[in-house]
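> let's see this in three dimensions:
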Amino acid sequence: MTRLRKVNPPKTKGATKGKARLGQHGVTLLRTIAVIVIAACVAGLASYVSFGLHLGSAGGPKTAVIIDQLSLTQPNPAFVETATSTLELAGYSVDYYPGEEVTVEFYRNLPSHGYNLIVLRVHSGMAREDGEPTGYVSLFTGEPFSERFHDAESFQDAEAGRLGRASYYDGSPQYFGIVPEFIESSMRGGFQDATVIMLGCDGLVTDATAEAFVRKGAEVVVGWNGRVSARHTDEAAEHLLRHLLTDRLSIGEAVTRTMAEVGPDPALGSTLVVYPAQR
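The predicted structure follows:
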């Protein structure tokens, strides 16, 4: 059995002690920027980029992370075991974070780990403001929503609209959600040509979230162009990782092969696509 190595997020130096409460402007933002995702969601083929997988510096260790916020609602230990085994057999050191550790602060520090491959098994969905679609996707944390914060940075992010409320459906528990501006402006460091695989819903309905990762230093982002079930995204991810790491296909070839094998989501119709698309 593959042994998972779980690490705790690094402590932030100089964090403000105590709790800060939002001013009226911040409360308004958090009340109006919301992400609603149907509970079943974890979220012709497009043109694909022919990037190869970035393997880190010559002679250096290859590192990957599985961020499993979805473990809070739709756990799949078999997927985690299979994905971890595929990565380790390809020479990667693998870190695993379950949903309860996927906090705002975790996302803030994500680039600082220097991962070459990032698997985001997290709920996501189109954000809305005052009930209207914003045109960008928000990624769920596993941190329950609150209008009180442990640090000044989160308070500032909320006031600036970089954090919002995320829920699976009306009336469900609420969590913090991060938006593209959080990725660009609030995450520390850069992604150093990492490959990012977003397994949740709507990741590439628009380019905004993927573009934020690329602007932050990622080389390429893979995601779904609509809603997708947890079962289907997990199956597709296993095929995708095998084609990338075992068969050594390019990103575009691996996605094309994966979609030929598993097809679009049978109920929701979404397919995997790549950003940036081939020019």
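
> doesn't Pro133 belong to a helix?
No. Using DSSP: H, G, I helix; E, B strand; the rest coil, the assignment for Pro133 is strand, not a helix.

> and it, how far from Gly142?
Applying C-beta to C-beta, to the nearest Å, the value for Pro133 to Gly142 is 24 Å. Yep, even glycine has a C-beta here, placed from its N, CA and C like the rest.

> what about the two, which has more around it?
Between Pro133 and Gly142, counted using other C-beta atoms under 10 Å, Gly142 has the larger neighbour count: 24 against 11.

> list the contacts for the most centrally placed residue in the chain?
The structure's the chain has its C-alpha centroid closest to Leu120; by C-alpha atoms, centre = their mean the separation is 3.7 Å. Counting by C-beta atoms under 8 Å, 6 or more residues apart in numbering, Leu120 touches Ile67, Leu139, Val196, Ile197, Met198, Leu199, Gly200.

> count the residues that sit near Ser93.
Counted by other C-beta under 10 Å, the residues lying close to Ser93 total 14.

> please disregard the earlier target; I meant Val196.
24.

> Glu88 now?
The number of residues near Glu88, taken as other C-beta under 10 Å, comes to 17.

> contacts for the strand or helix carrying Ala212 next, please.
Assessed by DSSP states H and E, Ala212 sits inside helix 208-215. Contact with helix 208-215 is made by 124, 135-139, 179-181, 183-184, 191, 196, 198, 203-204, 220-221, 223, 275-276, as judged by C-beta under 8 Å, 6+ apart.

> list only buried entries from the residues you listed.
In those, burial by neighbour count holds for 124, 136-139, 179-181, 183, 191, 196, 198, 203-204, 220-221, 223, 275, counting by 16 or more other C-beta atoms under 10 Å.

> just the ones of these in helices?
Among those, the residues falling in helices (DSSP state H) are Pro180, Glu181, Ile183.

> out of the residues you listed, which is nearest to Leu163?
Glu181 (9.7 Å; C-beta to C-beta).

> that closest one contacts Gly164, correct?
No. With contact defined as C-beta atoms under 8 Å, Glu181 and Gly164 do not form a contacting pair (10.7 Å).

> just the buried positions in the helix holding Ala212, please.
Residues of helix 208-215 classed as buried: Ala208, Thr209, Ala210, Glu211, Ala212, Phe213, Val214 (neighbour count, 16+ other C-beta under 10 Å).

> mean confidence for that helix?
Looking at helix 208-215 alone, the average pLDDT works out to 97.
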